[in-house]
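Student: Got a predicted model here, sequence first, then my questions.
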Amino acid sequence: MNPSGAVDAAPRLEHSVVEQAIGWRVRLASGLAAADEIAACQRWRASDPAHEQAWQRLEFFDGRLGGVAPAVASRSLRRAAIDPARRRALKSLLLLASSAAVVGSGTFGLRDSPWLAQQRTSVGERRRIALPDGGWLQLNTDSAVDITYDSQVRRVRLYSGEMLVQTGPDRARRTFWVDTPLGRLQALGTRFAVRLDGSDARLCVQEGAVAVTPALRDEPTEVIVAGRQVRFDRQGLYGETALDADSLAWSDGYLVARQWTLGRLCAELARYRSGVLRCDPAVADLAISGVFPLDRPEQAIAALQRSLPVRAQYRTRWWVTLVPVA
């Protein structure tokens, strides 16, 4: 902060870092990125504070790639506090994406991109959406879906993140499908949640039942009934257990930890906080139990410092590491 009390301008980033960030944005926006590429992007962001800063400066593009006018794009680019060469690179990215969106479902497959989904939540946001049949779905942090109801079918496409679904009775007896990159789910009069975790997913069934068809199978592999949960990937299902009700506490705005390691807790809290939240290996195995408000992750970090022999080390406001108390 300068002597007048104003916040100093954001630090300039290396051109190579900005170019890498643009490359990741283009790949993810194409709709062609595989699960391992998405995970690689997340690792790249976490590997250096400058990477996360570059990513954050491009964040304003999310959800806008299909229809931003050049004049609006120019004003946004000026506000991004990036030098002219970088602004030109970002403007080219914007125009490329806008052109692809006009084409529709052309070579780049942008129609299948979470960036162009009908409904999206930002990091830390949750939203409930009413469905035409009287049911509803609730999106968790950083999630994206398309919702399609026609005379033949009810369909939700989950591109990323997590959702809780309550289906409604349908007089037309239309099948309710949930499509994901890893497989298809058929709701059998039910309330259930599904979470995408990179190369696999978790299905939790509260009511009714859900039939699961992994992406590389032609027939449903198994029907998961109320009170059960299971993980699945493109090839099959595994790890079926009794439903862990704590895993759905996010729908009420809380994260419930029962004898978790601090490393696991940090990984979950990081989903609800912009930037990077890491845990030093020296304290990652500390045990912690508690109920943490998802709308106030900084409050949760403060509570951890009071409960455990750890302190929050801030490199930037986006980059936080929990380290041992000296």
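Tutor: Happy to help now that I have it. Residues are numbered from 1 along each chain as shown.
Student: May I have the secondary structure class of the closest residue to Glu14 other than its chain neighbours?
Tutor: Of all residues beyond its chain neighbours, the one nearest Glu14 is Ala50 (6.8 Å), with distances taken as Cβ to Cβ, 6 or more residues apart in numbering. The way it works is simple: take the backbone N, C-alpha and C, and place the C-beta from them, glycine included. At Ala50, secondary structure determined by DSSP: H, G, I helix; E, B strand; the rest coil is helix.
Student: burial of Ala50, as a residue count?
Tutor: For Ala50, the count of nearby residues is 18 (other Cβ atoms under 10 Å).
Student: Touching, it and Val17? I think so.
Tutor: Yes - at 5.1 Å, Ala50 counts as touching Val17 under the criterion of Cβ atoms under 8 Å.
Student: where does stretch 284-296 sit relative to the chain's centre, distance-wise?
Tutor: Distance, stretch centre to chain centre, for stretch 284-296: 20 Å (Cα atoms, centre = their mean, to the nearest Å).
Student: With stretch 241-259 instead?
Tutor: A distance of 18 Å separates the C-alpha centroid of stretch 241-259 from that of its chain, computed with Cα atoms, centre = their mean.
Student: what comes up buried for it?
Tutor: The neighbour-count check on stretch 241-259 (16 or more other Cβ atoms under 10 Å) flags Leu243, Leu248, Ala249, Trp250, Leu255, Val256, Ala257 as buried.
Student: go on, stretch 182-196?
Tutor: Under 16+ other Cβ under 10 Å, the buried positions of stretch 182-196 are 182-188, 190-196.
Student: Low-confidence regions, the chain specifically.
Tutor: 1-13, 25-35, 57-115 (pLDDT under 70).
Student: How about the secondary structure of the residue positioned nearest the centre of it?
Tutor: Nearest to the geometric centre of the chain sits Asp142, at 3.3 Å (Cα atoms, centre = their mean). Here Asp142 is coil, with the state taken from three-state DSSP.
Student: Next one: it relative to Gln259, how far apart?
Tutor: From Asp142 across to Gln259, the span is 27 Å (Cβ to Cβ, to the nearest Å).
Student: sorry, back to before: any chance of the buried residues of stretch 182-196 in TSV, with secondary structure and distance to Leu116 too?
Tutor: Converted to TSV, these look like this (DSSP: H, G, I helix; E, B strand; the rest coil; distance: Cβ to Cβ, whole Å):
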residue	secondary structure	distance to Leu116
Leu182	coil	20
Gly183	strand	22
Arg184	strand	21
Leu185	strand	22
Gln186	strand	25
Ala187	strand	25
Leu188	coil	30
Thr190	coil	28
Arg191	strand	28
Phe192	strand	26
Ala193	strand	24
Val194	strand	21
Arg195	strand	21
Leu196	strand	17
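Student: closest to Ile147 among these?
Tutor: Using Cβ to Cβ, Ala187 comes nearest to Ile147 of the buried residues of stretch 182-196, at 13.5 Å.
Student: Which residues are in contact with the closest one?
Tutor: Residues near Ala187 by Cβ atoms under 8 Å, 6 or more residues apart in numbering: Val165, Thr167, Phe176, Trp177, Val178, Gly208, Val210.
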